[in-house]
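Visitor: Provided below for reference: sequence and predicted model.
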Amino acid sequence: MATSNRKTEIADAAVRVRGLRKDYGGKHAVDGIDLDVARGETFALLGPNGAGKSTTVEILEGYRSRTEGEVSVLGTDPARGGLDWKARLGIVLQSTGESGVMTVREQLKQFAGYYPNPRPVDEVIAAVGLEDQAGTRIAKLSGGQKRRVDVALGIIGRPELLFLDEPTTGFDPEARREFWGLIRGLKSEGTTILLTTHYLDEAARLGDRAGVIIGGRLVDVGRIDEIGGADARVPIVRWRGADGLVREQRTQAPAALVAALVAESGGTGGAEPEDLEVIRPSLEDVYLDLVRRHGGAPEASGDTETSAASETSGASASTQEGAIA
Ligand SMILES: Nc1ncnc2c1ncn2[C@@H]1O[C@H](COP(=O)(O)OP(=O)(O)OP(=O)(O)O)[C@@H](O)[C@H]1O
């Protein structure tokens, strides 16, 4: 299965990166990345631990120097971005930096003062679901609540471009879904969002497009439903044969295969094929396959359900398309 590397050029991109390299000592942490993020799109940057995502994003944010390459963020080279440029960005870093002694509202008020056109503080508190904690000192909040403060600080300045580095780490499932709603709202207002996440379901739900970085290289980029190439998306039919063995077959026509299995097991009135499943590979399945093929260590998944696409319990046998075992 060939990886399609779609290098789409976007006119008037919010982010434009060409030949980006970052060396630490002799090691290429980022090794020649080309990337465009369109204005108004939500772009998910994916990759295993140590792949080079944070380094890339920190260069875009102006926090880190680069070794080589061209970078333009909202039309400005981040290495030369001044305060006016910074005020157009919203940044939610991986680690929290807010003061623990202030209350949520005090901290947000302070940050709002740094921006020319901030959102109303109470509107932001409500958007991140911290109304009940608005008067609480940040030091006393739970990990997930502190993360919501980080997100609130990232959006208070009404950013044109919002960087979210693993924003929902520590969120409970309900808070994560609320956060997704918040991000969709920002997107509908025209905010460009660059998201790094290890939660593949989050990337699939929020992202218009995604890029996969492995070993400092962008190994694939495209619409969420294009990542990994068409072959990686072919459905899998799995069933237990009369001999007790689990069989699986990739096929573009799962209904026809299921009908054939039913006919084989005695016609419409016959026995149901045992343990029958039709599986459509998720972004997580496709991503893990990409990581394996490019020699990256697949990380433990987030809270997404593990698809059974690559796992079978008990004995199994794979079959070629068109041949029922
Ligand atoms: N300040 C630094 N000095 C030396 N090496 C570094 C530095 N920062 C990062 N690296 C190395 O660069 C590589 C890329 O790191 P980076 O933090 O960009 O990865 P990542 O994809 O964001 O990982 P994670 O998913 O764990 O956050 C790693 O091998 C890391 O050890």
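Guide: Yes, it's here.

Visitor: switch to C-alpha atoms for all contacts and neighbour counts from now on
Guide: OK.

Visitor: pLDDT (mean, whole number) over whichever strand or helix holds Gly69?
Guide: According to DSSP states H and E, Gly69 maps onto strand 68-73. Strand 68-73 carries an average pLDDT of 97.

Visitor: shaky segments in the stretch 201-325 of the chain?
Guide: Within the stretch 201-325 of the chain, the stretches with pLDDT under 70 are 266-271, 296-325.

Visitor: separation between Val37 and Ala126?
Guide: Remark: distance between Val37 and Ala126 (Cα to Cα, to the nearest Å) = 29 Å.

Visitor: Check which element follows the longest helix anywhere in the chain along the chain.
Guide: In the chain, with assignment by DSSP state H, the single longest helix is helix 173-188. Next along the chain after helix 173-188, taking DSSP H and E as the criterion, comes strand 192-196.

Visitor: Give me the residues contacting that next one.
Guide: Residues outside strand 192-196 that contact it (Cα atoms under 8 Å, 6 or more residues apart in numbering): 14, 38-46, 53-54, 160-167, 187, 203.

Visitor: can we see that at 6 Å?
Guide: Contact partners of strand 192-196, identified using Cα atoms under 6 Å, 6 or more residues apart in numbering, comprise 39-45, 161-166.

Visitor: just to revisit the earlier point, does anything pack onto the strand holding Gly69? Which helices or strands?
Guide: Packing contacts for strand 68-73, counted by 3 or more Cα pairs under 6 Å, 6 or more residues apart in numbering; DSSP states H and E, involve strand 13-24.

Visitor: Run the chain-centre distance for the helix or strand that the strand it packs on is followed by.
Guide: Using DSSP H and E, the helix or strand that follows strand 13-24 towards the C-terminus is strand 27-38. Taking Cα atoms, centre = their mean, to the nearest Å, the mean C-alpha location of strand 27-38 is offset from the chain mean by 17 Å.

Visitor: between strand 27-38 and strand 13-24, how big is the angle?
Guide: Between strand 27-38 and strand 13-24, the angle comes out at 180 degrees (axes from the mean of the first three to the mean of the last three Cα atoms, to 10 degrees).
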